[in-house]
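**Student:** Fold the following and give me the result.
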Amino acid sequence: MAAKTTWVIDPTHSEIAFKVKHLMISNVKGSFSEFSGQVLTDGDDFSTAEISFQINPASINTGVGDRDGHLKSADFFDVENFAEITFTSGKLAKTGGDEFELTGYLTIKGVSQTIKLDVEFGGLMTDPWGNEKAGFTLNGKINRKDFGLTWNATLEAGGVLVGEEIRISADVELAKQKA
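**Tutor:** Here you go, the predicted model:
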């Protein structure tokens, strides 16, 4: 069995973003600027990955201060009582080539749900300073109501102000830690 290798997320070369329908006709995009994560693998074999990831929901940024303030409130993330969103992996299954399906446990506002994310492995590379890096793109969907994010407003013409489906996308660069 290969020795465990530790990889940590490089926040300066990673992005955690989302999209949600607004007024049922357009998308609002946002991201989180504060996050961290660790991946343990057997050697450099990412099919054995044990993933632990944390997001600070108070770092949400949609480009509109008032909207960000509302998202931080008890109507949505309730950042005063829930200072962290977490993800821990369950299983990473190869679906073809450099593509995988990642099953894991997402916790928002103290509510944990199993989710699935599509993962594309971008490859391994050594940077100019001799650091080994690995790149991944992740995409998936969740229903915000499954996590207690239920605030909404009904529109006079029918429909709702904020969609239930949240599309998640992440571009992640991991840095291999020296033993």
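**Student:** quick one: the strands in the protein?
**Tutor:** Ranges of strands in the chain, per DSSP state E, are 4-9, 15-22, 26-32, 35-42, 45-55, 60-61, 85-96, 99-108, 111-126, 132-143, 162-176.
**Student:** can you redo those as CSV with distance to Leu149 and mean neighbour count?
**Tutor:** Yep, even glycine has a C-beta here, placed from its N, CA and C like the rest. Conversion of the strands of the chain to CSV gives the following (distance: least, Cβ to Cβ, whole Å; neighbours: other Cβ atoms under 10 Å):
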stretch, distance to Leu149, mean neighbour count
strand 4-9, 24, 17
strand 15-22, 10, 17
strand 26-32, 13, 14
strand 35-42, 18, 18
strand 45-55, 14, 17
strand 60-61, 12, 18
strand 85-96, 11, 15
strand 99-108, 7, 18
strand 111-126, 9, 15
strand 132-143, 9, 17
strand 162-176, 8, 18
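**Student:** and of those strands, who's closest to Ala74?
**Tutor:** Closest to Ala74 of these, according to Cβ to Cβ: strand 99-108, at 13.4 Å.
**Student:** quick one: the nearest residue to Ala170 once chain neighbours are set aside and Ala83, what's the gap?
**Tutor:** Among residues not flanking Ala170 along the chain, Leu138 sits closest, at 4.4 Å (Cβ to Cβ, 6 or more residues apart in numbering). Between Leu138 and Ala83 the distance is 23 Å, computed by Cβ to Cβ, to the nearest Å.
**Student:** before we move on, what about Leu102?
**Tutor:** Distance from Leu102 to Ala83, by Cβ to Cβ: 24 Å.
**Student:** repeat for Ile60
**Tutor:** 13 Å.
**Student:** what does His70 give?
**Tutor:** To Ala83, His70 is 18 Å away according to Cβ to Cβ.
**Student:** same thing with Gly43?
**Tutor:** In terms of Cβ to Cβ, Gly43 sits 34 Å off from Ala83.
**Student:** can you check Phe147 too?
**Tutor:** Distance, Phe147 to Ala83, by Cβ to Cβ: 15 Å.
**Student:** again, but for Lys4
**Tutor:** 29 Å.
**Student:** before we move on, what about Tyr105?
**Tutor:** Distance, Tyr105 to Ala83, using Cβ to Cβ: 18 Å.
**Student:** May I see the strands of the chain organised as a markdown table, with distance to Phe76 added?
**Tutor:** Output for the strands of the chain, formatted as a markdown table (distance: least, Cβ to Cβ, whole Å):
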| stretch | distance to Phe76 |
| --- | --- |
| strand 4-9 | 24 |
| strand 15-22 | 11 |
| strand 26-32 | 11 |
| strand 35-42 | 18 |
| strand 45-55 | 14 |
| strand 60-61 | 9 |
| strand 85-96 | 12 |
| strand 99-108 | 10 |
| strand 111-126 | 13 |
| strand 132-143 | 14 |
| strand 162-176 | 9 |
